[in-house]
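Student: Coordinates for the following, if possible.
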Amino acid sequence: MEAQYICRYHKHQPSERQCSSSVVKHIKAPVDIVWSLVRRFDQPQKYKPFVSRCTVQGDLKIGSVREVNVKSGLPATTSTERLELLDDQKHIIGVKFVGGDHRLNNYSSIITVHPETIDGRPGTLVIESFVVDVPEGNTQDETCYFVNALINCNLKSLADVSERMAMQGRFEPVSRLL
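Tutor: Numbering: from 1, shown residues only. Model prediction:
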C-alpha cells in the first residue's frame, strides 16, 4: 500500500539541482488522533520538536502563512511557510517554505495519513515527502540525508505524542477544530 499512496499523492518533479524523498512511519494510534495533530498548520510545535513558536495571521485556510521559530541547534532560526493543501477527507496537508533564515530554499512537502491495522488494533500509516533545492556547497545525497533526518525526528515525535494520546483516550476531533 505504501508504494500506491506514494505514487498517488507524493508526486514531486525535482529539477537537476533539487532532491526529493519520502519517509514512512507506522504509528500505533488511530488515524483520527494522528490527523488531529498533523492538520494543525497553526500548531506544529504540538509534535515537531524543533519548533519553539508558531504564529498564523488570519483564518486557517489554503494560502495561510505561518511564521515558525526554530529551536537552537539547527542551522536556522525562522521559517515562513504557506499552507498549500489541506484535505480533511483524504487526510493530506501540503506546505511550502516561502522565506526565513534557513537553507531549505523552495522546500515543499506533502504529508498523508492513512488508516491501517497494527497488531490487530487501529493504527496509522504516515507518509511525508518533499522536494528542496540543494544548497550551494552540498550534494543531493547530503541534502536528502539532512532533510530525511529532520522528518524522521518529527515523525518519531508524532508517533510518541499520538500513541500517548491514544493510551490516555483523549484528542480533539477534527470537526471541533474547523
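
Student: got a list of what Val34 touches?
Tutor: Ile27, Val113, Thr124, Val126, Leu158, Ser162 (CB atoms under 8 Å, 6 or more residues apart in numbering). Bear in mind the C-beta positions are built from the backbone N, C-alpha and C, glycine included.

Student: What's the ChimeraX syntax to select whichever of those residues are buried?
Tutor: Command for ChimeraX that selects the buried part of the contacts of Val34, burial taken from 16 or more other CB atoms under 10 Å:
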select :27,113,124,126,158,162
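
Student: would you turn the contacts of Val34 into a markdown table with pLDDT and secondary structure?
Tutor: As requested, the contacts of Val34 are arranged in a markdown table below (pLDDT from 0 to 100; DSSP: H, G, I helix; E, B strand; the rest coil):
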| residue | pLDDT | secondary structure |
| --- | --- | --- |
| Ile27 | 98 | strand |
| Val113 | 98 | strand |
| Thr124 | 98 | strand |
| Val126 | 98 | strand |
| Leu158 | 98 | helix |
| Ser162 | 97 | helix |
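
Student: Can you mark which positions in stretch 140-147 are buried?
Tutor: For stretch 140-147, a neighbour-count test (16+ other CB under 10 Å) marks Gln140, Thr143, Cys144, Phe146, Val147 as buried.

Student: For it, the averaged confidence score.
Tutor: Stretch 140-147 comes out with an average pLDDT of 96.

Student: contact partners of it?
Tutor: Contacts of stretch 140-147 (CB under 8 Å, 6+ apart): Gln18, Cys19, Ser20, Ser21, Leu104, Tyr107, Phe130, Val132, Val134, Pro135.
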